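Enquirer: Pasting a predicted model and its sequence here:
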Amino acid sequence: MNEEKPSKSSRKREAVALQALGEELTRQSRANLERLPLDPVLREAVEAYRTLTKRLAQRRQLRFIGRLMRDTDADAVTAALAALKGGSLEQKQRDRWVEQWQARLTEEGDAALTELVEAFPEVNRQALRSLVRHFVKEPENERARRALRRFLVGVGDKGSG
């Protein structure tokens with residue numbers, strides 16, 4: 001019946017780990033925070049951290065967040081954060097797909113455009129042709145690149161949904 005308490009150094013390591021997890025929470029977007037299984041008080045403390053500008057106040061708030069993390073299921077929060085980061089794999093795949101099509105459309109021209117329209121019949125062929133023409137004419141134009149990219153992301157999202 002003699003239950004041993006964790007050593008002081010192990011409790012401190014755990015507290016530092018919880019504080020680090022809390023700091024990770026402060027770097028998440030509001031949308032990501034909404035997806036995490038957080039206590040409303042903890043969520044409010046993380047939001048309050050964002051309003052602080054003084055370094056000392058931020059450190060104090062991080063310690064407070066660390067204390068609140070003791071009452072939270074840290075494993076569930078860690079797993080949810082990992083799942084959110086896993087979403088970045090999908091983002092990387094989408095980015096790769098968009099970059100490949102962007103390169104093909106600029107290099108191969110009409111052949112790639114026809115192939116894309118056949119794969120995605122709902123694509124506005126005229127708008128796509130105009131965006132590609134504008135991008136090819138001025139490849140260093142950031143607005144043209146972004147416009148073509150945004151169009152292709154929309155095509156990819158419609159195709160996968």
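Expert: Here it is on my side, so go on.
Enquirer: Just the pLDDT for the residue nearest to residue 134 when sequence neighbours are not counted.
Expert: When the adjacent residues along the chain are set aside, residue 134 lies closest to residue 144, with 4.8 Å between them (CB to CB, 6 or more residues apart in numbering). C-beta coordinates here come from the backbone N, C-alpha and C atoms, glycine included. Looking at residue 144, its pLDDT reads 85.
Enquirer: and the gap between residue 144 and residue 41?
Expert: With distances taken as CB to CB, to the nearest Å, residue 144 is found 48 Å from residue 41.
Enquirer: and what of residue 28?
Expert: With CB to CB as the criterion, residue 28 and residue 41 are 17 Å apart.
Enquirer: Tell me the secondary structure of residue 44, please.
Expert: Applying DSSP: H, G, I helix; E, B strand; the rest coil to residue 44 yields a three-state assignment of helix.
Enquirer: one step back: neighbour count: residue 144 and residue 41, which is higher?
Expert: Comparing residue 144 with residue 41 by other CB atoms under 10 Å, the one with more neighbours is residue 144, at 18 against 11.
Enquirer: Could you check which helix or strand contains the more buried one?
Expert: Mapping residue 144 onto the secondary structure by DSSP states H and E places it in helix 142-160.
Enquirer: Just the buried residues of that helix, please?
Expert: Neighbour-count burial for helix 142-160 flags 144, 145, 147, 148, 149, 151, 152, 155, 156 (criterion: 16 or more other CB atoms under 10 Å).
Enquirer: Just the CA coordinates for it, please, in PDB.
Expert: Below are the C-alpha coordinates for helix 142-160, written out as PDB (Å, rounded to 0.1, in the frame of the first residue of the first chain):
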ATOM      1  CA  GLU A 142       3.500  36.600 -59.200                       C
ATOM      2  CA  ARG A 143      -0.200  37.400 -59.700                       C
ATOM      3  CA  ALA A 144      -0.400  35.300 -62.900                       C
ATOM      4  CA  ARG A 145       1.300  32.400 -61.100                       C
ATOM      5  CA  ARG A 146      -1.100  32.700 -58.100                       C
ATOM      6  CA  ALA A 147      -4.200  33.000 -60.300                       C
ATOM      7  CA  LEU A 148      -3.200  29.800 -62.300                       C
ATOM      8  CA  ARG A 149      -2.400  28.000 -59.000                       C
ATOM      9  CA  ARG A 150      -5.700  29.000 -57.400                       C
ATOM     10  CA  PHE A 151      -7.600  27.800 -60.500                       C
ATOM     11  CA  LEU A 152      -5.800  24.400 -60.400                       C
ATOM     12  CA  VAL A 153      -6.400  24.000 -56.700                       C
ATOM     13  CA  GLY A 154     -10.100  24.500 -57.400                       C
ATOM     14  CA  VAL A 155     -10.000  21.900 -60.100                       C
ATOM     15  CA  GLY A 156      -8.200  19.400 -57.900                       C
ATOM     16  CA  ASP A 157     -10.600  20.000 -55.000                       C
ATOM     17  CA  LYS A 158     -13.600  19.400 -57.300                       C
ATOM     18  CA  GLY A 159     -12.000  16.400 -58.800                       C
ATOM     19  CA  SER A 160     -11.300  14.700 -55.400                       C
END
